[in-house]
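J.: the sequence and its predicted three-dimensional model are supplied below.
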Amino acid sequence: MSSLGNIIVKEIKELLTPATFIPIIIMALVFGTMGSTMGGIEEELEDKPVIGLMNIDNDELSNLTASIFEENADVIFVSDKQKGLEDLREKDGVALIIIKDNFTSNIHKGIPGEIEVYWIMKGAGVLDSISSTVVEGLIEIVNTNITTRLISVNDSLNVTTILNPTFRNETTYFKDQELHGLSPGEISGILSSQSTFIPIIIMMIILMSGGMVISSMALEKENKTLETLLTLPVKRTSIVAGKIIASALIGLILAVIYMIGLGYWMQSFQVSDGINLADYNLVLTGTDFLLIGISVFVTLIAALSLCMLLGTMAKNYKSAQTLTFPVTILALIPMFMIMFKDFDTMPVALKGLLFGIPFSHPMMAPRALLFDDYLLVIGGIIYVTIFSLIMISIAVWVFKTDRLLTGSTNKRLSTIFKKRF
Amino acid sequence: MPTVEVKNLVKNYGKAEAVRGISFSVEKGEIFGLIGPNAAGKTTTLRILSTLLTITSGSVKIMDYDLNEKPNEIRKIISYLPEDAGAYKNLTGRSYLEFIANFFNPSQKEKMIKKGIKIADLGERMKDRVDTYSKGMMRRLLVGRALMIDPKLAILDEPTSGLDVNNAQEIRKIIKNTAQEGTTVLLSSHNMLEVEYLCDKIALIDDGKIVEEGKPRDLIQKYNAKNIEEVFTKVVR
């Protein structure tokens, strides 16, 4: 074998380890699952939007408007607003459009015709708002067509009315809230700051603190201090807890800084584009901030206990860097999912995946609390706490076996849980 | 009552048998040496006695505490110095000794640190960070750490490994003095001169089994050898 070949074979043998492949295999499986469910979302988006239509005017221009909607959307004709909204909710509709009385005559008089739009907003993610954007596009097509009609009949109207023949009176229903004067686009715009920045900040906190724990374990091994530590009169649980608590305290400081920043951030967008969110009761209370803090803290503990477990596999500081990879992936997946879709509007499989990843919960908590979804937040806190306890128990078990020093355990299952230490 | 009593100790790593039914005992204040070729099972035996590894079968008693039953009690009375041990690099020599002393009786803390500083004998360098120490200085600090707590049993794996002649001699003296003060010492070494000089009793271990045991002088006589090195080569072929 040539020298080059010799080196290549040696390098391949060194790199062909479970630690190299397991994270990639897990990531491939997760992305595969996400891809198949995302494919379902795309199919859903290719469908025509379902809208309800109530043509009270029933005249020349309103009929033109209705025909445009009919061509480009699945229209449910309704005669009663409440009944129409109920039907739309059942049929996963996007909006109820009411063409008001005197729509045609007003336009011909130079007064913009009124279109009432009752939006049924399902989520504030990027993908959630696509349907409403399509309907907003249809309303623009309506305007263009009416303008064309007015010009073609040489209507002697003022230019402003010809160019803007209709105006929208909008109400959006979102997470049991009735928001007058706001479109889904405006709400998404305000909430997009949360969809983008909060998950990124949470991800950074998790990665920073998680990295600390993994590195701490790796350094114990690399600096050959672990063996001495394990022979000192200190319980294994104390070693695990000590490392987790120390990193959690640092993480907590990071979380407090984060909460202060979040507080200012929320204040800054409570009055946004002339829209005061407090008018819509969309503000976080002291209890909400406390719940967010708890959610961040328990998630931090979960991340650290998972990292502690990963850290036990680290051979040295270099291998510790590789071991942060699964944590990074687990933090990135919910971050992107939350940016694109609301938890409520996700397919069940993605909901399960998102809920199962402990890092998702503090990312979802602020928006959930803004819309009083306490069940999701408190349920998340309970789940993440249980997850943490399981991870800590496994880490302590690893500390009690030979695995930490030898990389394997020869203890029989019957003796694994025997309380010897 | 012996300080250490090992009976039919077996340790398997999966299918590999590292220690295959060894038995020995070490009396109070005795320096007992485990010698043998590489991979003979010396370090595994010391790690088991240090509560780092679990036992596959057999029994180990240290000061009447069963290793399987009371590992936490055993950790209070032993001190283990691994062959390639290190210290926390961001601590100074003194703060490292303080960190270790904090795990023991608080009323003895200052006494322990004083003793550790005395054994390490690093002078002003005790105030420096550990990552600035030479290998010899590090080993002295670690020997100080291991012996400052006045353990009932000091388990020393290759205590002078990698040290120059002067440093090695110093550490041997410290070990000898410690044993004279009542600490039982169990050590392993590849250095036959060291074993002959230090140990009251030795066990030759090969392929996981004790193949010979006794006082160095008796073994030299038995094998009609000039020194322990010759005994070693005659026993372990």
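T.: Looks like it arrived, so ask away. All of these numbers come straight from a predicted model, not from anything done at the bench.
J.: could you use CA atoms for every contact and neighbour count after this?
T.: Will do.
J.: do a quick rundown of the helices in the stretch 1-150 of chain A.
T.: Counting by DSSP state H, counting those that start in this stretch, the stretch 1-150 of chain A forms helices over residues A:3-15, A:18-46, A:60-72, A:81-90, A:103-108, A:130-152, given from the N-terminal end onward.
J.: no wait, chain B
T.: Remark: helices of chain B, listed N- to C-terminal, are B:42-49, B:71-77, B:93-101, B:109-120, B:135-147, B:165-180, B:192-198, B:216-222, B:228-235; assignment by DSSP state H.
J.: most packed of the ones you listed?
T.: helix B:135-147 (a mean of 24; mean count of other CA atoms under 10 Å in any protein chain shown).
J.: against residue A:406, how distant is residue A:399?
T.: Using CA to CA, to the nearest Å, one obtains 11 Å as the distance from residue A:399 to residue A:406.
J.: sorry, back to before: nearest to residue B:136, out of the helices of the stretch 1-150 of chain A?
T.: Using CA to CA as the criterion, the shortest distance between residue B:136 and the helices of the stretch 1-150 of chain A is 32.6 Å, found for helix A:3-15.
J.: now that closest one, how far from the chain's geometric center?
T.: Taking CA atoms, centre = their mean, to the nearest Å, the mean C-alpha location of helix A:3-15 is offset from the chain mean by 43 Å.
J.: next one: stretch A:313-330
T.: What separates the centre of stretch A:313-330 from the centre of its chain is 25 Å, taken as CA atoms, centre = their mean.
J.: what are the buried residues along it?
T.: Neighbour-count burial for stretch A:313-330, counted by 16 or more other CA atoms under 10 Å in any protein chain shown, picks out A:313-317, A:319-320, A:323-330.
J.: residues in contact with it?
T.: Contacts of stretch A:313-330 with the rest of the structure, by CA atoms under 8 Å, 6 or more residues apart in numbering or on different chains, involve A:19-20, A:23, A:27, A:203, A:207, A:210-211, A:214-215, A:217-219, A:221-222, A:303, A:307, A:310-311, A:357, A:359, A:404, A:407.
J.: so who does the residue nearest to residue A:282 when sequence neighbours are not counted touch?
T.: Once flanking residues are discounted, residue A:282 sits nearest to residue A:370: 5.5 Å by CA to CA, 6 or more residues apart in numbering or on different chains. With contacts defined as CA under 8 Å, 6+ apart, the neighbours of residue A:370 are A:282-284.
J.: in PyMOL, select just the buried ones from those residues.
T.: Here is the PyMOL command that selects only those of the contacts of residue A:370 that count as buried (16+ other CA under 10 Å):
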select buried, chain A and resi 282+283+284
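J.: gap between the closest residue to chain B within the stretch 51-200 of chain A and residue A:251?
T.: Nearest residue of the stretch 51-200 of chain A to chain B: residue A:200, at 31.7 Å (CA to the nearest CA). Here residue A:200 is placed at a distance of 15 Å from residue A:251 (CA to CA).
J.: the two - which one has more neighbours?
T.: Regarding residue A:200 and residue A:251, a neighbour count based on other CA atoms under 10 Å in any protein chain shown identifies residue A:251 as having more, with 24 against 17.
J.: reduced to three states, what does that one come out as?
T.: helix (DSSP: H, G, I helix; E, B strand; the rest coil).
J.: against residue A:320, how distant is the nearest residue to it once chain neighbours are set aside?
T.: What sits nearest to residue A:251 in space, not counting adjacent residues and going by CA to CA, 6+ apart, is residue A:209, at 5.7 Å. For residue A:209, the distance to residue A:320 (CA to CA) stands at 13 Å.
J.: what segments of the stretch 251-400 of chain A are strands?
T.: Ranges of strands in the stretch 251-400 of chain A, per DSSP state E, counting those that start in this stretch, are A:271-272, A:275-276.
J.: for the closest residue to residue B:2 other than its chain neighbours, phi and psi?
T.: Using CA to CA, 6+ apart and skipping residues adjacent in sequence, the residue nearest residue B:2 is residue B:27, 4.4 Å away. Note on residue B:27: backbone dihedrals following degrees, to the nearest 10 are phi -80, psi 160.
J.: what sits opposite the nearest residue to residue B:56 once chain neighbours are set aside in the beta ladder?
T.: Taking CA to CA, 6+ apart, and ignoring the residues beside it in sequence, residue B:56 has residue B:11 as its nearest neighbour in space, at 4.8 Å. With DSSP bridges as the criterion, residue B:11 is bridged to residue B:19.
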